[in-house]
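J.: Sharing a model that was predicted from the sequence below.
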Amino acid sequence: IGSSAFRNCSKLYSITIPGRTFVNERAFKDSGTIVKEYYGEDGVVLEDVFEEDVTTEASYDNTSRFSIDLFNPKIALTDVNVFSEIKLSGTDEKSVSALWGKFADNAYAQTAYQIKNIAEDRNINDYGTYMLITKTAQTLFPNKPKEQIVYTVYLLNQLGFKAKIARAGNDLIALISVRQLVYKRSYLNYEKNRFYVFTSKPDEIKDCSSIYTYDDLMKNCSKSIDLNFYKPLSLGDKVRYVTVRTDDASEINVKINLEDINFFNNYPHTEMQVYANAEMNDEINNALLGTLSKQIDGKSDLDAVNYLLDFIYASCEYKTDGEQFGYEKPMFCEETLYYPYSDCEDNSILFSYLVRKLLGFDVVLLDYPGHIATAVKIPGEVNGSYLQLEDGKYIVCDPTYYGASAGMSMPQYQNVKLSVIELNRLKMYE
């Protein structure tokens with residue numbers, strides 16, 4: 001049933017249709033019609049009908065069930081419209097608008113809501129939803145990067161995300177509004193938002209010096225992609241056990257989900273708060289925090305903080321990102337436990353997580369030129385280097401200054417101008 005079939009039809013009270021009929025979301029807009037579903041014995045499917053457009057070659061086949069090869073196990077989508085010969089005839093605004101209209105008139109929006117439900121079920125955040133959408137586009141339109149871009153932006157808009165199609169030379173790109181800063185990625189300022197350039201093959205984009213946007217397509221979209229994680233991921237069941245050393249030479253076996261690691265590997269480089277505020281899953285918390293909580297039980301606040309510093313010194317062997325990966329890569333806590341090496345920002349992120357989860361103390365990150373450390377709001381009087389912030393005294397704790405106790409800072413960073421990065425309070429581990 002097409003988009004204008006019963007629009008503004010005030011006298012149609014109800015309609016009964018086969019349960020698998022494709023109904024465009026705009027078909028019954030403002031009609032007040034009650035739509036009832038009927039599943040016949042033969043599983044009848046009403047094929048959707050659309051007008052032919054000279055700017056887009058398309059042939060409707062049927063609905064299809066297919067899998068997105070992004071996580072393990074693969075993610076299945078059902079009842080998705082499939083076009084075998086869809087082709088964008090050009091990158092001019094008329095051609096792009098015509099293809100957009102095909103998506104709008106043929107129930108493609110239902111795919112967006114399937115993806116939304118999958119993301120909610122697996123605790124996949126906004127960026128993961130974008131990854132699911134792009135993988136779906138690549139699956140439906142193989143070797144058609146321009147069609148993939150139009151479809152990706154269309155589905156993002158259907159879910160309320162601010163995203164635009166743009167042309168750079170002869171290429172189409174997606175401009176997507178992101179709430180946080182994304183480093184090493186081009187962006188445009190538009191209506192007080194940063195729209196970052198996203199494309200499945202950025203190396204193939206020849207020219208971004210002059211970008212033309214299609215402004216009429218994005219409507220009623222208010223959300224920016226949020227890179228934060230509000231729940232631990234719940235992806236596949238492919239895991240690996242890693243052994244984490246403690247300062248007393250004992251060991252903790254931690255189960256790491258490899259699908260989470262793969263997800264993080266494809267994550268954009270963003271603000272430190274995103275990494276530091278992300279919670280680990282219950283299995284890791286129970287193994288790691290459960291053990292450490294017993295070790296600090298009965299210790300004073302200062303001794304407990306120092307114990308956690310010693311734990312980082314024992315468990316995290318230092319190498320720069322350049323030495324380990326060949327590029328700059330801030331890590332989530334799971335990654336720091338998984339990979340053999342970590343650097344100052346990774347150690348500080350993991351240490352800040354342990355202090356907030358086990359002790360409930362406020363922690364900030366200290367951003368020096370070329371170095372990251374932490375400062376902890378430790379109750380009572382503690383000697384050493386500190387920062388006086390609005391809500392109290394924070395003691396410098398540097399998890400990369402091996403052997404140092406709370407209140408000790410590296411000599412080269414004393415009296416150096418720094419920035420303070422505030423972190424969320426986390427629910428304490430019980």
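T.: Thanks, I have it.
J.: Low-confidence ranges, this protein, go.
T.: Along the chain, the model assigns pLDDT under 70 to residues 1-74, 76-85, 105-109, 200-209, 215-216.
J.: Show me the residue sitting in the middle of it in space.
T.: The central residue of the chain, meaning the one whose C-alpha is nearest the mean C-alpha position (C-alpha atoms, centre = their mean), is Y127 at 2.8 Å.
J.: Just say helix, strand or coil for that residue.
T.: helix (DSSP: H, G, I helix; E, B strand; the rest coil).
J.: Hmm, it is touching N228, no?
T.: No: between Y127 and N228 no contact is recorded; they are 9.4 Å apart, counting by C-beta atoms under 8 Å. All C-beta atoms are positioned from the backbone trio N, CA, C, and that covers glycine.
J.: Next, report how far stretch 166-184 is displaced from the centre of its chain.
T.: Taking the mean C-alpha point of stretch 166-184 and that of its whole chain, the gap between them comes to 16 Å (C-alpha atoms, centre = their mean, to the nearest Å).
J.: For it, list the C-alpha coordinates in CSV.
T.: Extracted as CSV, the C-alpha positions of stretch 166-184 are listed here (Å, rounded to 0.1, in the frame of the first residue of the first chain):
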residue,chain,number,x,y,z
ALA,A,166,26.5,15.2,0.1
ARG,A,167,28.4,15.1,-3.2
ALA,A,168,32.2,15.5,-3.3
GLY,A,169,33.3,15.5,-6.9
ASN,A,170,31.5,12.5,-8.5
ASP,A,171,31.3,10.7,-5.2
LEU,A,172,28.4,10.6,-2.7
ILE,A,173,29.2,10.8,1.0
ALA,A,174,27.2,10.7,4.2
LEU,A,175,27.4,13.7,6.6
ILE,A,176,26.3,12.6,10.1
SER,A,177,25.9,14.7,13.2
VAL,A,178,27.9,13.3,16.1
ARG,A,179,27.5,14.5,19.7
GLN,A,180,31.1,14.1,20.6
LEU,A,181,34.3,15.1,18.9
VAL,A,182,35.7,12.6,16.4
TYR,A,183,39.4,13.0,15.7
LYS,A,184,41.1,12.6,12.3
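J.: Would you double-check that Q412 falls in a helix?
T.: Yes: going by three-state DSSP, the assignment for Q412 places it inside a helix.
J.: burial count for it?
T.: As a burial measure, Q412 scores 10 neighbours (other C-beta atoms under 10 Å).
J.: K219 too?
T.: Using other C-beta under 10 Å, K219 is surrounded by 6 other residues.
J.: Next, it: secondary structure please.
T.: Look at K219: counting by three-state DSSP, its state is coil.
J.: can you pull the contacts of it?
T.: Contacts here follow C-beta atoms under 8 Å, 6 or more residues apart in numbering; on that basis K219 touches N157.
J.: next one: the one 4 residues further on
T.: Residues in contact with K223, defined by C-beta under 8 Å, 6+ apart, are 126, 159-162.
J.: can you rerun that using 10 Å?
T.: Counting by C-beta atoms under 10 Å, 6 or more residues apart in numbering, K223 touches 126, 156, 159-163, 177, 179.
J.: ok, now I378?
T.: Shown in contact with I378 (C-beta under 10 Å, 6+ apart): 300-302, 304-306, 355, 359, 361-362, 386, 392-395, 397, 406-407.
J.: Neighbours of I75, how many?
T.: 23.
J.: quick revisit: just the buried ones out of the contacts of I378, please.
T.: Neighbour counting over these (16 or more other C-beta atoms under 10 Å) leaves 301-302, 304-306, 355, 359, 361-362, 386, 393-395, 397, 406-407 as the buried ones.
J.: I256: which of those is nearest?
T.: Proximity of those to I256, judged by C-beta to C-beta, is greatest for V355, which lies at 21.5 Å.
J.: wait, isn't F332 in contact with A276?
T.: Yes: applying C-beta atoms under 10 Å, one finds F332 in contact with A276, separated by 8.9 Å.
J.: Of those two, which one has the most company?
T.: For F332 against A276, the residue with the higher neighbour count under other C-beta under 10 Å is A276, and the figures read 28 against 25.
J.: For P232, see how far away the more buried one is.
T.: Spatial separation of A276 from P232 under the definition C-beta to C-beta, to the nearest Å is 14 Å.
J.: Ok, G326 next?
T.: Taking C-beta to C-beta as the measure, G326 falls 28 Å from P232.
J.: swap in Y413?
T.: Distance of Y413 to P232, computed by C-beta to C-beta: 33 Å.
J.: again, but for S342
T.: When C-beta to C-beta is applied, the distance between S342 and P232 equals 20 Å.
J.: The buried ones among the contacts of I378 in helices, which ones?
T.: Secondary structure from DSSP state H places 301-302, 304-306, 355 of the buried ones among the contacts of I378 in helices.
J.: Throw these into a markdown table and include distance to D92, thanks.
T.: Conversion of these to a markdown table gives the following (distance: C-beta to C-beta, whole Å):
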| residue | distance to D92 |
| --- | --- |
| D301 | 66 |
| L302 | 67 |
| A304 | 65 |
| V305 | 62 |
| N306 | 65 |
| V355 | 56 |
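J.: In the helix or strand encompassing V96, which of the residues would be classed as buried?
T.: Counting by DSSP states H and E, the element that carries V96 is helix 93-105. When neighbours are counted by 16+ other C-beta under 10 Å, the buried residues of helix 93-105 are found to be 93, 95-105.
J.: Thank you, goodbye.
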